[in-house]
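A.B. asks: Pasted the sequence and its predicted model underneath.
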Amino acid sequence: MEAGALIIFALLMLFAFLGLGAWATVKVVGAAKRGVDRTITQARRTVEDTTLKAKSFGQVGVGGALAQLRLDLRTSMRSTQAALYQGVQADSSLTESIALFERLSRHGHELDDELKRLEQEPDRKQIAERLPGLRERTAKITQSADSLRWAARDRARRFADDELAVLSEQIEVESGALRDWSRESVDDLAAAAAAWDAGQAAPGGAGAGGPGGASGAGSGAGSSGPVGASDAGSGAGAASGVESGPAALNPSAPATGYPWQKAPRPEATT
């Protein structure tokens, strides 16, 4: 009994895999067929456009005029279709414009088919009589298509300009905030430096320099001769140097002597 159930389950799984494989094969074949059809359609359009350009430049008279009308019509309709279908992905309000363009496309296809048939018409006199009406119909269709295309582009550009204006305002606000933050940090640093300088110039620091200056003056008064005067001058200079300049935050280390440096020459005393 269990073996029969396993066999049935295995058969069901096999059929499921076969069905899934068949469905995947159909999908792949359909996608490949659509790709081939799309490629063929694009190649046919390219060939037709090239032929129409050659006829419009190479032929004169009715044939060249018909080719130019078809070329203008196809170029305008194709550009409008690309602009609308690309714009509707970002702006859903273009759906109604696409519906209007589809209605306009039916008139465009009818006119293009008529122009294509007239290219094979041997009676050029009849074609010349109908040519003004054909030009008017072509102008109406192309003007309507151009109006839809430029309206969609203007709408997209307006949205882009509005978004850029809002973004610029936000950037200006953020830039102002960054400048305020940097100014506050600099002010705090300057205040801290001023407080440290005030602490160094406190009475304790002046008292430390006062006795040194007094002792230097006493030694200068008690001694006699140029040696005592020079000692007093050096003591006063040292005291004034200590009092005038604040102590360094990071005092530099004494210069290191290297064996290749020359010894300083003693000054000659006469």
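C.D. replies: Thanks, I have it.
A.B. asks: Can you show me the helices along the stretch 101-250 of the chain?
C.D. replies: When assigned using DSSP state H, counting those that start in this stretch, the helices of the stretch 101-250 of the chain occupy the ranges 124-200, 203-222, 226-244.
A.B. asks: what is the mean pLDDT for the shortest one?
C.D. replies: pLDDT averaged over helix 226-244 equals 44, rounded to a whole number.
A.B. asks: do the same with stretch 53-73
C.D. replies: When the per-residue pLDDT values of stretch 53-73 are averaged, the result is 82.
A.B. asks: please begin residue numbering at 640 from this point
C.D. replies: All set: I'll call the first residue 640, so the last point we hit is now stretch 692-712.
A.B. asks: Using PDB, write down the CA coordinates of it.
C.D. replies: As requested, C-alpha coordinates have been extracted for stretch 692-712 and formatted as PDB (Å, rounded to 0.1, in the frame of the first residue of the first chain):
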ATOM      1  CA  LYS A 692      15.000  59.700 -47.400                       C
ATOM      2  CA  ALA A 693      16.600  58.600 -50.600                       C
ATOM      3  CA  LYS A 694      13.400  59.200 -52.500                       C
ATOM      4  CA  SER A 695      12.800  62.600 -51.000                       C
ATOM      5  CA  PHE A 696      16.400  63.700 -51.900                       C
ATOM      6  CA  GLY A 697      16.700  61.900 -55.200                       C
ATOM      7  CA  GLN A 698      13.300  62.300 -56.800                       C
ATOM      8  CA  VAL A 699      11.700  65.500 -57.900                       C
ATOM      9  CA  GLY A 700       8.100  66.200 -58.500                       C
ATOM     10  CA  VAL A 701       5.200  64.200 -57.100                       C
ATOM     11  CA  GLY A 702       7.300  61.100 -56.000                       C
ATOM     12  CA  GLY A 703       9.700  63.200 -53.900                       C
ATOM     13  CA  ALA A 704       6.800  65.200 -52.400                       C
ATOM     14  CA  LEU A 705       5.000  62.000 -51.300                       C
ATOM     15  CA  ALA A 706       8.200  60.500 -49.900                       C
ATOM     16  CA  GLN A 707       8.800  63.700 -47.900                       C
ATOM     17  CA  LEU A 708       5.200  63.700 -46.500                       C
ATOM     18  CA  ARG A 709       5.600  60.100 -45.400                       C
ATOM     19  CA  LEU A 710       8.900  60.800 -43.800                       C
ATOM     20  CA  ASP A 711       7.700  63.900 -41.900                       C
ATOM     21  CA  LEU A 712       4.600  62.000 -40.700                       C
END
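A.B. asks: Find the residue ranges of the stretch 740-889 of the chain scoring beneath the pLDDT cut-off.
C.D. replies: When residues are selected by pLDDT under 70, those of the stretch 740-889 of the chain lie in 820-828, 842-889.
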